[in-house]
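K.L.:
Only the shape, not the letters, is given here:
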Ligand code: NZQ
Ligand code: ZN
């Protein structure tokens, strides 16, 4: 196992009715910036519950944070937060609202152009504290220090991370997810599955506990994912799905093991140029990465096939079947797995590779061996 530091300060309030409990988590004198997306929280009763829980506080609202949150929109929220002198952010929504709010929290204190936090890795020295109410299990943003922001004008989608943007608390009430369209819950299963794979499907470092944590999440998603799609109001299935998504990217399973993330970085460029949902890009790229990297990932691919899918037989056929089962699982959830399914022709590949190069994504993967040339090969396998 590799050396690691594990730190995660986010308090989780899990279960039905827990939105009311956030009242006790807010600093008593805080003036709150309440951030949300395109309005789903108005239609499913979450807004009313949040308003009740924040009734003792001054609250300024900022709605309209879009999926793949835009820098341009978020900077308007920063202006509002500064003008109103807020001192706490409460983000209510999915990964986009939470990521956007993390960026607002960091940009609030940033002098100069805040795009530098994303493009130039300008260090985050200070950030507003934030809490979240999660309504879409997928990204793990509710319990991690990452955020991804898109600049509409230049079609760039870039991540940043800082320990200062860990949420102070996150409310995970599975009943808030009942109103999710099937496409979004399927996206959530694919995203959580891929987060687990990015930290598991690398090479062995004798870390059996992390391996089994990861295999447990993958197997639970395989069992609960279809159930939660078929029965959207099955609170047990939603609870299990929600906790899987959080555990998939809160640092636990990735501690002390190599990590890949090539699928995500290639996927971000597809979203930036072609507007696919984040998880749609992962469903396309992950099977292709597995195929192209099957040599480098051989030992873990065999372990994955045997332990997660129960495949028996020769090593090479186990790998073939493991990749095929992964693709079939995503397809069974209704998430298509080929670029062509989204109307993207092979002619689009050079521009995607050029974007990766522009963003310095030239040594991706757990071994740093995914050069732009290999990213191109992976993208060709996505066709
Ligand atoms: O905007 P509203 O009206 O709320 O509607 C949203 C949005 O249209 C809707 N929705 C959310 N909760 C709902 C609901 N509709 C009905 N009922 C509910 N309970 O769902 C749509 C998609 O929401 P979004 O927040 O965009 O989805 P998701 O949670 O999948 O977040 C995706 C973003 O997170 C980033 C992605 O790149 C993408 O920008 N990621 C963040 C990560 C992190 N912070 O660690 C890691 C991930 O790999 C990912 O990159
Ligand atoms: Zn993801």
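P.N.:
Great, that's in hand. This is a predicted model, so every value here is computed, not measured. Numbers count the residues shown, from 1 in each chain. Ligands and ions are numbered 1, 2, ... in the order given.

K.L.:
From here on, just use CA atoms for contacts and neighbour counts.
P.N.:
Fine.

K.L.:
okay, now the domains of this protein?
P.N.:
Domains of the chain are assigned by automatic domain parsing as 11-176, 181-382.

K.L.:
ok, now how distant is residue 375 from ligand 1?
P.N.:
18 Å (Cα to the nearest ligand atom, to the nearest Å).

K.L.:
Quick check: closest non-adjacent residue to that residue.
P.N.:
The spatially closest residue to residue 375, leaving aside those adjacent along the chain, is residue 353, at 6.8 Å (Cα to Cα, 6 or more residues apart in numbering).

K.L.:
Could you measure from that neighbour over to residue 278?
P.N.:
In this view, residue 353 and residue 278 are 18 Å apart by Cα to Cα, to the nearest Å.

K.L.:
tally of neighbours for residue 49?
P.N.:
Neighbour count for residue 49, taken as other Cα atoms under 10 Å: 16.

K.L.:
Assess the claim that it and residue 18 are in contact.
P.N.:
No: the criterion here is Cα atoms under 8 Å, and residue 49 misses it with residue 18 at 9.7 Å.

K.L.:
and residue 42, how many residues sit next to it?
P.N.:
Residue 42: 12 neighbours (other Cα under 10 Å).

K.L.:
Can you tell me the element it falls in?
P.N.:
If you go by DSSP states H and E, residue 42 is part of helix 40-43.

K.L.:
any idea which helix or strand comes after that helix?
P.N.:
Per DSSP H and E, the first helix or strand lying C-terminal to helix 40-43 is helix 46-53.

K.L.:
What mean pLDDT does the helix or strand following that following helix get?
P.N.:
Sequence-wise, the next helix or strand downstream of helix 46-53 (DSSP H and E) is strand 58-62. Mean pLDDT, strand 58-62: 98.

K.L.:
Which strands and helices lie in contact with the next helix or strand after strand 58-62?
P.N.:
Sequence order places helix 71-84 as the next helix or strand after strand 58-62, per DSSP H and E. In terms of contacts (3 or more Cα pairs under 8 Å, 6 or more residues apart in numbering; DSSP states H and E), helix 71-84 is packed against helix 95-107, strand 146-151.

K.L.:
residue boundaries of the strands in this protein?
P.N.:
11-14, 31-36, 58-62, 88-93, 130-134, 146-151, 156-161, 169-172 (DSSP state E).

K.L.:
for those strands, which one sits closest to residue 365?
P.N.:
strand 156-161 (16.2 Å; Cα to Cα).

K.L.:
who does that closest one pair up with?
P.N.:
Paired strands of strand 156-161, with direction, are strand 146-151 (antiparallel) (DSSP bridges).

K.L.:
Count the neighbours of the closest residue to residue 285 other than its chain neighbours for me.
P.N.:
Excluding the flanking residues, the one nearest residue 285 by Cα to Cα, 6+ apart is residue 263, at 5.7 Å. By other Cα under 10 Å, the residues close to residue 263 number 26.
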